[in-house]
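K.L.:
Provide a 3D model corresponding to the input given below.
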Amino acid sequence: MAYSLMQAGQNMKRSSMQGLAAAQQRDEEREQTNENLKEAKRQQETSGAMTGAASGAMMGTQIMPGWGTAIGAVAGGLLGWLSS
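P.N.:
Purely as a prediction, here's the structure:
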């Protein structure tokens, strides 16, 4: 009888440890997913800013080459970054 109680205790301990390991694994996966999402957002913002800067520079060049290009690039970059 005592042997079966000890065995039941060991089984319960093993099961608990497996549950903790699984919870830790899920936590690590969640952290990695959050990091991936942050990086994707950062890339999206950068892409939006670069696209906006290029579009703004083209429009600024058509209006006033030189200063218009610079002003258009800055304005387009800001608008592109804010829209993404």
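K.L.:
Averaged pLDDT, the longest helix seen in the chain. What do you get?
P.N.:
Criterion DSSP state H: the longest helix present in the chain is helix 2-63. Helix 2-63 shows an average pLDDT of 89 in the prediction.
K.L.:
Likewise for stretch 74-84?
P.N.:
In the prediction, stretch 74-84 has an average pLDDT of 88.
K.L.:
Check which residues of it are buried.
P.N.:
75-77, 79-81 (16 or more other CB atoms under 10 Å). Heads up, the C-betas are built off the backbone N, CA and C, glycines and all.
K.L.:
again, but for stretch 46-54
P.N.:
48-49, 51-53.
K.L.:
now do stretch 50-68
P.N.:
Buried-residue list, stretch 50-68, by 16+ other CB under 10 Å: 51-53, 55-57, 59-60, 68.
K.L.:
Stretch 26-38 now?
P.N.:
For stretch 26-38, it's none, nothing buried (16+ other CB under 10 Å).
K.L.:
Show residues contacting that stretch.
P.N.:
For stretch 26-38, there are no external contacting residues (CB atoms under 8 Å, 6 or more residues apart in numbering).
K.L.:
For that stretch, what is the distance to the chain centroid?
P.N.:
9 Å (CA atoms, centre = their mean, to the nearest Å).
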